[in-house]
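prediction below, plus the sequence it came from.
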Amino acid sequence: MLLWFRNDIRTHDNPALDYFLAQRNGLLPSKAVFFVSEKQWLTHDWSTIKIDFIKRHVNALAQQLLAFNISLEVVHCDDFAEQISFLQHYCQQHNIMQVVANQELEVNETQRDKLCLEKGIPLCLFESDVIVAKGKVLNKTGEMYKVFTPYKRAWLTYVRQHGFDYLGKPNSVAATVLTEQESAKLMPLLVCTGESDLWPLAEQVEQQVIPEFYENKVASYGEKRDFPAIKATSGLSPYLAIGAISPRYLLLLFLQRFPDILVASDSPEFTWLNELIWREFYRNLLFHQPELSKHQCFNPKYRSIIWPNNHAHFNAWCEGKTGYPLVDAAMRQLNQTGWMHNRLRMVVASFLTKHLLIDWRWGEKYFMQRLIDGDLAANNGGWQWAASTGCDAQPYFRVFNPIRQSERFDPKGQFIRKYIPELAQLPDKEIHFPHVYLAKHNLKNYWPAIVDHKQARLAALDFYR
Ligand SMILES: Cc1cc2nc3c(=O)[nH]c(=O)nc-3n(C[C@H](O)[C@H](O)[C@H](O)COP(=O)(O)OP(=O)(O)OC[C@H]3O[C@@H](n4cnc5c(N)ncnc54)[C@H](O)[C@@H]3O)c2cc1C
């Protein structure tokens, strides 16, 4: 048997690993493989910070696997075709009867797995990325829900009735388990750039960040989560995106702390669980509608849109030079840190698609190329929501006012001041749209606004109509 790690870089609650440990021949040393496929990753627009984050977790995984007498081999293959050739050859050479892995959702990945089977690779797949298996929560006609709220209700009913499969941490079997110091001395399998070092490894997050978030922050999450200057959200998206933390583990711990949460949808803590259910919603959407992986608008009505796509405006948006401080600060947060606050993702996505009338796919791609938590299902869902082309998207006539958003969610301009130091000295009232103030004081250290909000809004309404 061969164990194949992909988007499930963890030993905790990993169904493929669990099966592998139960089925393998006694305690004999065995092998697992992870493919580094940089060329393929590039075609999927994975950011360098996400790749670094993956590599750090693969190094940690290799050490954790020693406790199970499993040695992890990292194989460099340019693309999926090379992965298949490697596996074919390896299975023949070592008489492998089963290759065990967890499913990946995206269309190229599913096609690769299909091809593996067609080429005689004995691939056996499990599911590790969601709480409720995909395809289980369906409407009365047996189809995927097209609206989030009824999906959420059905999801909650399903979990109440059936529970969910949490496998826990497997017991180590190796005769001698390395101490932390010993394992730190081992050469890492993959060289990392350090780009993602500000994000601790998943193990530390499980021990410290999650318990602390549940204990101290989740109760005020609903009240504070929209304010980018406050660290009020969990910061778990990068770990969920690469499968370093199990969503089922998150729910298990959550239920231990809030046992009634599945029937308490009006409680403050539920607001956070609601987001995890959005994640499940978008993953199911991609599962039922794989064309979404191929850049298709969910809503057929919008598939023939011809977007004006002004290149200069797009560049200004990417570089954080639109002249709208909240939009610019958000884009600088993305460019400098590889992460962006959710409220800001909504604001900048709305600005790109509605104020600038630029194709949402340009923004989706730019996000993927920069985000540490780049995830096709959530990113596509978020962009199509903002562009009004998606499933349960915001209606086309809702156009976020970037000045009003700034006044509401960054009232004192703390977030703006952090990322746009040029504006640090401005009074709170002026910082959200500083152009009149700057002109009055003859200051020229900030960009003029590239569009006028009122005119852009009317143009967007007209365009969408
Ligand atoms: C335009 C746009 C693009 C986005 N791109 C991505 C992406 O590439 N990857 C990604 O993981 N999220 C994406 N999101 C969703 C959301 O912004 C991030 O998941 C969130 O900001 C991560 O911060 P957190 O971990 O502190 O989340 P918390 O607020 O603590 O939420 C907990 C978890 O729930 C999930 N979640 C939260 N909000 C959403 C949502 N709206 N949709 C789906 N899942 C959600 C995430 O896994 C998150 O870690 C996008 C949203 C928008 C509007």
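Looks like it arrived, so ask away.

just for the stretch 251-400 of the chain, where's the confidence low?
Residues of the stretch 251-400 of the chain meeting the criterion pLDDT under 70: none.

the residue of it found nearest the ligand: what secondary structure?
Nearest residue of the stretch 251-400 of the chain to the ligand, counting by CB to the nearest ligand atom: residue 382, 2.4 Å away. (Glycine included, C-beta is placed from N, CA and C.) Secondary structure for residue 382, judged by DSSP: H, G, I helix; E, B strand; the rest coil, is helix.

any idea how far residue 237 is from it?
Going from residue 382 to residue 237 by CB to CB, to the nearest Å gives 11 Å.

might one say that residue 150 is in contact with residue 140?
No - with contact defined as CB atoms under 8 Å, residue 150 does not reach residue 140; the gap is 10.0 Å.

the two: which is more packed in?
residue 150 (13 against 6; other CB atoms under 10 Å).

what's the burial count for the residue of the stretch 251-400 of the chain closest to the ligand?
Applying other CB under 10 Å, we find 23 residues neighbouring residue 382.

please parse this structure into its domains.
2-126, 130-168+203-288, 300-464 (automatic domain parsing).

and stretch 292-311, end to end?
Distance between the two ends of stretch 292-311: 25 Å, counting by CA to CA, to the nearest Å.

same thing with stretch 158-168?
21 Å.

residues contacting that stretch, please?
The contact list for stretch 158-168 (CB atoms under 8 Å, 6 or more residues apart in numbering) reads 12-15, 18, 131-132, 136-137, 246, 248-249, 251-252, 262-263.

flag every residue of this protein that's near the ligand.
Within the chain, the positions near the ligand by CB under 6 Å from any ligand atom are 225, 233-237, 240-241, 275-276, 278-279, 282, 342, 345-346, 349, 367, 371, 373-375, 378-379, 381-383, 386.

one more time with 5 Å, if that's ok
233-237, 240, 275-276, 278-279, 342, 345-346, 349, 373-375, 378-379, 382-383 (CB under 5 Å from any ligand atom).

pretty sure residue 33 is in a helix, no?
No - the assignment for residue 33, made by three-state DSSP, is strand rather than a helix.

what about the helices in the stretch 101-250 of the chain?
Assigned by DSSP state H, counting those that start in this stretch, the helices in the stretch 101-250 of the chain fall at 107-118, 148-162, 180-185, 202-204, 210-212, 221-224, 237-241, 247-257.

redo these as a markdown table? Include distance to residue 269.
Shown next, in a markdown table, are the helices of the stretch 101-250 of the chain (distance: least, CB to CB, whole Å):
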| stretch | distance to residue 269 |
| --- | --- |
| helix 107-118 | 34 |
| helix 148-162 | 14 |
| helix 180-185 | 33 |
| helix 202-204 | 23 |
| helix 210-212 | 14 |
| helix 221-224 | 7 |
| helix 237-241 | 18 |
| helix 247-257 | 8 |
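
between those helices, which one is nearest to residue 72?
Minimum separation from residue 72 across these (CB to CB) falls at helix 180-185, 12.9 Å.

any idea of the mean pLDDT for the closest one?
Mean pLDDT, computed over helix 180-185, is 62.

and stretch 19-30, by the same measure?
The pLDDT scores in stretch 19-30 average 86.

so what's the gap between that stretch and the chain middle?
32 Å (CA atoms, centre = their mean, to the nearest Å).

picking that back up, please indicate which of the residues of the chain next to the ligand are buried?
Neighbour-count burial (16 or more other CB atoms under 10 Å) is assigned, among the residues of the chain next to the ligand, to 233-234, 236-237, 240, 276, 278-279, 345-346, 349, 373-375, 378-379, 382-383.

tell me which residues touch residue 77, please.
So residue 77 contacts 35, 36, 37, 83, 86 (CB under 8 Å, 6+ apart).

out of the domains of the chain, which is closest to residue 191?
In terms of CB to CB, the element of the domains of the chain nearest to residue 191 is domain 2-126, at 7.6 Å.

helices or strands up against whatever helix or strand residue 343 lives in?
Residue 343 belongs to helix 342-350 when elements are defined using DSSP states H and E. With contacts defined as 3 or more CB pairs under 8 Å, 6 or more residues apart in numbering; DSSP states H and E, the packing partners of helix 342-350 are helix 325-337, helix 360-370, helix 376-386, helix 402-409.

how about a cut-off of 6 Å?
For helix 342-350, the elements it packs on are helix 325-337, helix 376-386, judged by 3 or more CB pairs under 6 Å, 6 or more residues apart in numbering; DSSP states H and E.

report the buried residues of the first one.
In other words, helix 325-337. Those would be 325, 326, 327, 328, 329, 330, 331, 332, 333, 334, for helix 325-337 by 16+ other CB under 10 Å.

contacts for it?
With contacts defined as CB atoms under 6 Å, 6 or more residues apart in numbering, helix 325-337 is touched by 320, 322, 340, 344, 348, 351, 370, 402, 405-406, 415-416, 419-420.
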